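[1] no sequence on this one, just coordinates:
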């Protein structure tokens, strides 16, 4: 992928298995967000192909949902929290009388029940991001693309949503591609972690995470394998 002649992503090739939770880490400027936009069909590669199920990704699809890093511009300001979540249900054709139950469940999952009738400008940045996550989950996508979705959240809410997204994705068989700067988050969530280098963006290494599931926020992070993987990822990025 090149912009104005500058190559941002070069010779990048990988496969994602159905139902896999893949995390991507790398330094700023290595093309992580550009890669996510390519996977979503929001932009097209300068050369090469992005494929989904054997078909070229040429445009956005309801089967792919993306949680944007810029949550402030991702919500419709004239809609309440509940109405923003309902947008996905409208898009996939869920009848109006059947939407509320799903909305209520997602409000509870993301800790937004008390904010259901508020508008985005009445919410903190972390709450706005939770609305965006809830809206994407409501879509029940086959592929969920997440661009540093928990960066604006406090530690406890972040851990809660890490576990909820993992649980919901596993239950629905959703494939997740998750971008983060947090190495511990990548190891905790991922079945596999792709480490990118910069200038131009390229794959340094693909690291398998064989820590058993379900994982626990305290015990998993104290697992010797978890610490070993953290050292490995840190070493790859520091060396780069």
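    In hand now; what should we look at? These numbers come from a predicted model, not from an experiment.
[2] pLDDT at the spatially most central residue of the chain, what is it?
    Centroid check for the chain by CA atoms, centre = their mean gives residue 146 as the closest residue, at 1.6 Å. With respect to pLDDT, residue 146 has a value of 95.
[3] Now do the contacts for it.
    Residue 146 makes contact with 66-67, 133, 165, 176-179 under the criterion CB atoms under 8 Å, 6 or more residues apart in numbering. Yep, even glycine has a C-beta here, placed from its N, CA and C like the rest.
[4] cool, and residue 51?
    Taking CB under 8 Å, 6+ apart as the definition, contacts of residue 51 comprise residue 57.
[5] give me that answer again for 6 Å
    By CB atoms under 6 Å, 6 or more residues apart in numbering, the contact list for residue 51 is empty.
[6] can you list the weak-confidence ranges in this protein?
    Low-confidence segments of the chain (pLDDT under 70): none present.
[7] can we see that at 80?
    Along the chain, segments meeting pLDDT under 80 span 71-72, 152, 239-240.
[8] ok, the residue of the chain most remote from its centre - contacts?
    Going by CA atoms, centre = their mean, the residue of the chain most distant from its centre is residue 97, 29.5 Å out. Counting by CB under 6 Å, 6+ apart, residue 97 makes contact with nothing.
[9] Tell me the spacing between it and residue 79.
    Plainly put, residue 97 is 19 Å away from residue 79 if you go by CB to CB, to the nearest Å.
[10] just checking, the residue farthest from the centre of the chain is part of a strand?
    No: going by DSSP: H, G, I helix; E, B strand; the rest coil, the assignment for residue 97 is helix, not a strand.
[11] From the rest of the structure, what touches the longest helix anywhere in the chain?
    In the chain, ranked by residue count with DSSP state H as the criterion, the top helix is helix 155-172. The set of residues external to helix 155-172 that reach it, using CB under 6 Å, 6+ apart, is 109, 150, 176, 217.
[12] a markdown table for the residues you listed, including neighbour count, distance to residue 93 and secondary structure?
    Listed next are the contacts of helix 155-172 as a markdown table, based on neighbours: other CB atoms under 10 Å; distance: CB to CB, whole Å; DSSP: H, G, I helix; E, B strand; the rest coil:
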| residue | neighbour count | distance to residue 93 | secondary structure |
| --- | --- | --- | --- |
| 109 | 19 | 22 | helix |
| 150 | 25 | 30 | coil |
| 176 | 23 | 24 | strand |
| 217 | 14 | 37 | coil |
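[13] can you give me the helices in the protein?
    Counting by DSSP H, one finds helices in the chain at the ranges 32-40, 81-91, 99-109, 125-138, 155-172, 183-189, 224-239.
[14] Ramachandran coordinates for the closest residue in space to residue 148 that isn't next to it in sequence?
    Take residue 148 and drop its neighbours on the chain: the residue closest to it by CB to CB, 6 or more residues apart in numbering is residue 69, 5.1 Å away. Backbone torsions of residue 69, given as degrees, to the nearest 10, read phi -70, psi -40.
[15] re the thing from before, how much does the longest helix of the chain deviate in direction from helix 125-138?
    0 degrees (axes from the mean of the first three to the mean of the last three CA atoms, to 10 degrees).
[16] Mind splitting this protein into its structural domains?
    For the chain, automatic domain parsing gives the domain ranges 2-63+141-239, 75-140.
[17] And the first one, how far out from the chain middle?
    To tie it back to what came earlier, the one meant is domain 2-63+141-239. With CA atoms, centre = their mean, to the nearest Å as the basis, domain 2-63+141-239 stands 7 Å off its chain's centre.
[18] Could you tell me the end-to-end distance of that domain?
    End-to-end distance for domain 2-63+141-239, by CA to CA, to the nearest Å: 25 Å.
[19] before we move on, what about the shortest one?
    For domain 75-140, the first-to-last residue distance is 18 Å (CA to CA).
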